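>>> structure for the following, please:
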Amino acid sequence: QVQLLESGGGLVQAGGSLRLSCAASGGTFSNYAMGWFRQAPGKERALVAAISRGGDNTNYADSVKGRFTISRDNAKNTVYLQMVSLKPEDTAVYYCNARRGIVNYWGKGTLVTVSS
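Numbers count the residues shown, from 1 in each chain. Next comes the predicted model:
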């Protein structure tokens, strides 16, 4: 059983930056592909960014390409999401995800609010 704990959310003005962190425990971190998802009020949860087990492959939602960067440190069992040039439409609860095959684990989420 993998536990995921997100941190780093908060209130930021449009154009600002935040870095989210997700610390994993209870499993072999490098066995899992990791991702960040977000869910805005009234909308479905959607993929923001994902990174392969070794960190050599990443993919991003079109809406965040060029602004968000996902990275991981397997020695620290942590995945990050660096967010710059934030927009009000980035406001959402951000969830960390660990995936291995059909098995998925989720964190409880961290709220990011971008004011205009």
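>>> CA only for contacts and neighbour counts going forward, please
Will do.
>>> okay, and the residue positioned nearest the centre of the chain sits in which element?
Nearest to the mean C-alpha position of the chain, by C-alpha atoms, centre = their mean, lies Trp36 at 2.8 Å. If you go by DSSP states H and E, Trp36 is part of strand 33-39.
>>> mind giving me the packing neighbours of that strand?
strand 46-51, strand 92-100 (3 or more C-alpha pairs under 8 Å, 6 or more residues apart in numbering; DSSP states H and E).
>>> quick one: it to strand 92-100, angle?
Put simply, strand 33-39 runs at 150 degrees to strand 92-100, going by axes from the mean of the first three to the mean of the last three C-alpha atoms, to 10 degrees.
>>> so what strands line up beside strand 33-39?
strand 46-51 (antiparallel), strand 92-100 (antiparallel) (DSSP bridges).
>>> ok, residues contacting the longest one?
Just to be clear, that refers to strand 92-100. 2, 4-6, 22, 31-41, 104-113 (C-alpha atoms under 8 Å, 6 or more residues apart in numbering).
>>> 7 Å - rerun?
Applying C-alpha atoms under 7 Å, 6 or more residues apart in numbering, the external contacts of strand 92-100 come out as 4, 6, 22, 31-40, 104-113.
>>> and those, which are buried?
Buried subset of these (neighbour count, 16 or more other C-alpha atoms under 10 Å): 4, 6, 22, 32-40, 106-107, 109-113.
>>> correct me if wrong: Pro88 contacts Gly16.
No - judged on C-alpha atoms under 7 Å, Pro88 makes no contact with Gly16 at a distance of 10.5 Å.
>>> who touches both of these two?
Common neighbours of Pro88 and Gly16 (C-alpha under 7 Å, 6+ apart) do not exist.
>>> using the centroid of the chain, identify the residue furthest from it.
Ser116 (22.2 Å).
>>> which pLDDT value belongs to it?
We have a pLDDT of 93 for Ser116.
>>> OK, contacts around the residue nearest to Arg53 when sequence neighbours are not counted?
Leaving aside its chain neighbours, Arg53 sits nearest to Ala33 (4.6 Å; criterion: C-alpha to C-alpha, 6 or more residues apart in numbering). Contact analysis of Ala33 by C-alpha under 7 Å, 6+ apart lists 51-53, 98-100.
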